[in-house]
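Undergrad: show me the folded form of this:
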Amino acid sequence: MARKIRFRAWDVLEKRFSSLEDKYQGHYSMSLAGRFTNLQNGSGGDEYVVQEFADVVDSDGKDVYEGDIVKFTPAGCSNPLGYAEIVWESNLNAVKSPQWCLRFVSPNIGLISDLRGKMEIVGNIFEYGFEKIKNLQKQEGNFE
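TA: Sure, this is the predicted structure:
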């Protein structure tokens with residue numbers, strides 16, 4: 001099965017996501033080098049952070065992108081493992097090729113490359129940040 005390649009871009013100034021597929025499709029472009037540009041006003045470069053679709057959907061059917069924060073329950077388990085950020089990891093180990101991974105808030109867990117399981121998007125790294133997610137995890141108190 002072919003992998004879906006899609007992108008979104010976080011607009012640093014407006015603090016919102018833009019997409020090449022949304023209703024403003026004719027106003028944005030992305031170069032092969034990953035530079036996202038707003039053709040209407042000429043903004044781009046450091047004003048946007050480009051993120052790739054991870055080729056997976058969460059339990060509600062929402063597309064999961066790099067930088068999303070998810071509550072993750074591994075396949076075959078009934079209890080969540082914790083909160084993690086979706087990241088592209090190119091240095092996971094010498095044997096495996098680069099792949100999508102979960103980088104957990106808890107340092108006891110670290111990186112997991114097996115995305116099979118239940119994911120619930122709770123936010124993204126720009127709107128939430130790791131500190132807010134750590135506090136949420138402490139409040140729930142049922143992880144680790």
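Undergrad: name the helices or strands packed onto the helix or strand hosting residue 138?
TA: Counting by DSSP states H and E, the element that carries residue 138 is helix 129-140. In terms of contacts (3 or more C-beta pairs under 8 Å, 6 or more residues apart in numbering; DSSP states H and E), helix 129-140 is packed against strand 82-89, strand 117-124. Just so you know, the C-beta spots here come from the backbone N, C-alpha and C atoms, and that holds for glycine as well.
Undergrad: just the CA atoms of it, as CSV, please.
TA: The C-alpha atoms that make up helix 129-140 are tabulated as CSV, following Å, rounded to 0.1, in the frame of the first residue of the first chain:
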residue,chain,number,x,y,z
GLY,A,129,4.2,21.9,25.1
PHE,A,130,5.7,19.1,27.1
GLU,A,131,5.4,20.8,30.5
LYS,A,132,1.6,21.1,30.2
ILE,A,133,1.4,17.4,29.1
LYS,A,134,3.6,16.4,32.1
ASN,A,135,1.2,18.2,34.4
LEU,A,136,-1.8,16.5,32.8
GLN,A,137,-0.1,13.1,33.2
LYS,A,138,0.7,13.8,36.9
GLN,A,139,-3.0,14.8,37.5
GLU,A,140,-4.3,11.6,36.0
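Undergrad: need the contact partners of that helix.
TA: Judged by C-beta atoms under 8 Å, 6 or more residues apart in numbering, the contacts made with helix 129-140 from elsewhere in the structure are 69, 82-83, 85, 105-106, 122-123, 143.
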